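Novice: with the input below, show me the fold.
(2 chains)
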There are 2 protein chains.
Amino acid sequence: MNPITVIRERISKLGLDGVLLNTSEITRSFNLKYLSGFSGSDATILITRTELKLFTDGRYKLQCKEECADFQVHVTRDKIKSISNFLLGKNTKRLGLEGNRISFDLVSALRKSSKEIEFVSFDKRNLECLRIKKDKIEIEKIASAAKIASSSCNDLLEMGLSGMTEIEIAGRLEFLFKKNGASGESFQTIVASGIRSALPHGMPTDKIVQSGELLIVDFGCVFLDYCSDETVTLVIGTPNLQQEKIHQVVYDAHYRAIDCLKAGVSCVYVDAVARKTISDAGYGKYFMHSLGHGVGLEVHEAPYLSPRRKTILEEGMVFTIEPGIYIEGFGGVRLESLVHLTASGPEILSKAPKSLISIN
Amino acid sequence: MNPITVIRERISKLGLDGVLLNTSEITRSFNLKYLSGFSGSDATILITRTELKLFTDGRYKLQCKEECADFQVHVTRDKIKSISNFLLGKNTKRLGLEGNRISFDLVSALRKSSKEIEFVSFDKRNLECLRIKKDKIEIEKIASAAKIASSSCNDLLEMGLSGMTEIEIAGRLEFLFKKNGASGESFQTIVASGIRSALPHGMPTDKIVQSGELLIVDFGCVFLDYCSDETVTLVIGTPNLQQEKIHQVVYDAHYRAIDCLKAGVSCVYVDAVARKTISDAGYGKYFMHSLGHGVGLEVHEAPYLSPRRKTILEEGMVFTIEPGIYIEGFGGVRLESLVHLTASGPEILSKAPKSLISIN
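Specialist: Numbering: from 1, shown residues only, chains lettered A, B, ... in the order given. Alright, predicted model coming up:
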């Protein structure tokens, strides 16, 4: 169903006259981008039962014509006044807001000039469901991002990493993303070596990678606004037995989770399949995060594959499967694939190797 | 004066019991980082007349011990409840909020459990003044960031740019930042060639740079949390007369503005010096942005050197001087230096050439 139609149904159900979303340099709304097409850094949209309005300033006049065909665009120097005038003219009583991305100051300004209107939060779950299933064009964009990122990772591995710092490895990979056609990285690349690989989100440092160390590289790029996300684990030189053992457990958890993916299973079930594999091998307490998350315009979005989420997986969803084991003082292994759930099962969009890659 | 002392004076003056700031993955507060030292992505701080509190979750327990020595840290699973309990226990009546970075949802949740408290916006000017003058350690960090960025730019120019796309040039420069010791870029590098150089904020595309074209590169990196910002203008091959003429006007505007810098002059005055140089040469309407902005934890912060700002420049401020001329269908020139204002005048922290660089 068209997302605007879904929103209008919810507006009616909740007794609202409309819903307002805002994007700014300080707080970006991906839902606003998704619903309106607007890619700039300053606009407010208003979806009412019958109208679609976008308020922005002169900088975006031209851009809105190209991007926001469905919306009636108001270019204004005083956004608050224009919005208030519109709301009051329509006799608005109760307006939903994208409450986790709208600032206290913006609401205060609207309240001042629209005293009769009640502002209520339009729960984020009302909005995140809109983007949870991807259409064909979105999937093509995510698949392209994943392909660029994976082949960039393969290019990086071919170069060898000897004598490089974690920051240099991250920088080199991010350069390859751009060289290979991405517009940038989808998040700050994680490169964590040696005992630092036990940090699930170890930001790269100026530490030089050493022979015998585990090395986790968690990376993604952006292609036509859509993100990818993938993780590989390497060992510099030859792996030792414990490194191989831990890798094998994570590898099994990763592929067992992927093997059970089909439309109709729940997030909590898939998480449990991976978690049980790790627990049964005796490493349960070392896997302390969720199994995965959706990927699209944002690198973290619904669905969330965690022990607490009962969301049912459906055809068209794109998400990560990323079990890990992290042992303080020893190091860690994480393997992450980006998966598109199709009618016939999982399609793995990411292509970098999930074996324990030995590199010099 | 200690920034906490400044805030407490303002709290008293405004009849507030305290001020609350919040940082999250969605909306980052650099003021929270500056005031508390906290570098993570989820925390709330509360500065009252007598206490300094920080509320966060288990992920940041260890980190807070290292980073937030002045604050009493509360690790909690229910942040709203912990904050409300504290506020009610202290008989809070009126609380200031960093209103442009606090979400409607957060305030609504606090209101629900603290019905008697009046929440008011603590104007951003009360906060931005705190960071406007840099201390010695901050200046060293900014100077290091500027040095890394400038020498990375020089490394890039030595390589030559022939046959490269704008995105590749940006990616290569960002890689050099990291290779040279930065943690990353301070904003998405601008690379705009040919007629695209007339876009003041032209994001890099897959366009290959061509002989005879102007090329604007606007770049900065981050070192120990502090930003740099600088712009060079190149020409591929040999410049033509009009390119040289426009460059000369911008060059004169840039150095005349720098020459008049001293403690006690106003932002509007310095902007006017540059603007007059460009207007007198007949290009006034092609310089349509402000002359500069402060740089620190954020790449855009106070002071703002614009025709509308009467702020008086003081020793210890760090800001850009970046006049430009942008002619649609022809191209543009911008020259940007990062300046530290000292007792004896301006110290230029950025070091890449401001001449019209001819490159193959």
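
Novice: confidence score at the residue positioned nearest the centre of chain A?
Specialist: For chain A, the residue nearest the mean C-alpha position is A:Val299 (1.7 Å; C-alpha atoms, centre = their mean). Confidence at A:Val299, expressed as pLDDT, is 96.

Novice: hang on, it packs against A:Phe219?
Specialist: No. Taking C-beta atoms under 8 Å as the definition, A:Val299 is not a contact partner of A:Phe219, at 10.7 Å. Every C-beta, even on glycine, is put in place using the N, C-alpha and C of the backbone.

Novice: quick check: neighbours shared by these two?
Specialist: Residues touching both A:Val299 and A:Phe219 (C-beta atoms under 8 Å, 6 or more residues apart in numbering or on different chains): A:Asp229.

Novice: and A:Asp70, what does it touch?
Specialist: Listed by C-beta under 8 Å, 6+ apart, the contact set of A:Asp70 reads A:Ile4, A:Ser36, A:Gly37, A:Leu52.

Novice: among the residues you listed, which are in helices?
Specialist: A:Ile4, A:Ser36 (DSSP state H).

Novice: which of the contacts of A:Asp70 lies closest to chain B?
Specialist: A:Gly37 (17.1 Å; C-beta to the nearest C-beta).

Novice: residues in chain A within reach of chain B, list them.
Specialist: A:26-27, A:97, A:99-108, A:119, A:121, A:167-168, A:170-172, A:174-179, A:181, A:183-184, A:188, A:203-204, A:206 (C-beta under 8 Å from any C-beta of the partner chain).

Novice: so of those residues, which ones are in helices?
Specialist: Per DSSP H, the residues of chain A next to chain B map to helices at A:104-108, A:167-168, A:170-172, A:174-179.

Novice: can I have the buried ones of the residues of chain A next to chain B as a PyMOL selection?
Specialist: Applying 16 or more other C-beta atoms under 10 Å in any protein chain shown to the residues of chain A next to chain B, the buried members can be selected in PyMOL as follows:
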select buried, chain A and resi 27+97+99+100+101+102+103+104+105+106+107+108+119+121+167+168+170+171+172+174+175+176+177+178+179+181+183+184+203+204
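
Novice: and chain A, split by domain according to the record?
Specialist: A:3-131, A:136-359 (automatic domain parsing).

Novice: quick one, helices of chain A?
Specialist: A:3-13, A:30-36, A:61-67, A:79-89, A:104-113, A:124-128, A:136-159, A:166-179, A:241-259, A:267-280.

Novice: for the longest one, which positions count as buried?
Specialist: Within helix A:136-159, the residues scored as buried using 16+ other C-beta under 10 Å are A:138-139, A:141-153, A:155-157.

Novice: so A:His254 touches A:Ala274, yeah?
Specialist: Yes. When contacts are counted by C-beta under 8 Å, A:His254 is listed as touching A:Ala274 (7.0 Å).

Novice: who's more crowded, those two?
Specialist: A:Ala274 (27 against 24; other C-beta atoms under 10 Å in any protein chain shown).

Novice: rewinding a little: what's the most buried one of the domains of chain A?
Specialist: domain A:136-359 (a mean of 20; mean count of other C-beta atoms under 10 Å in any protein chain shown).

Novice: pull the distance from that one to the chain's centre.
Specialist: 13 Å (C-alpha atoms, centre = their mean, to the nearest Å).

Novice: that domain: end-to-end distance?
Specialist: End-to-end distance of domain A:136-359 (C-alpha to C-alpha, to the nearest Å): 37 Å.

Novice: which residues does the residue nearest to the centre of chain A contact?
Specialist: A:Ser186, A:Phe187, A:Gly220, A:Cys227, A:Asp229.

Novice: which one of these is nearest chain B?
Specialist: Nearest to chain B, judged by C-beta to the nearest C-beta, of these is A:Phe187 at 10.6 Å.

Novice: from the stretch 251-360 of chain A, which residue is nearest to chain B?
Specialist: For the stretch 251-360 of chain A, C-beta to the nearest C-beta, closest residue to chain B: A:His300, 8.3 Å.

Novice: about what we covered before: mutual contacts of A:His254 and A:Ala274, please.
Specialist: By C-beta under 8 Å, 6+ apart, A:His254 and A:Ala274 have these common neighbours: A:Ile321, A:Pro323.

Novice: which stretches of the stretch 251-360 of chain A form strands?
Specialist: A:292-294, A:301-305, A:318-321, A:324-327, A:331-334, A:337-342, A:345-348, A:357-359 (DSSP state E, counting those that start in this stretch).

Novice: what residues does stretch A:75-94 touch?
Specialist: So stretch A:75-94 is contacted by A:15-18, A:20, A:44, A:46, A:48, A:53, A:55-58, A:60-61, A:64, A:74, A:95, A:106, A:109-110, A:113-114, A:116-118, A:120 (C-beta under 8 Å, 6+ apart).
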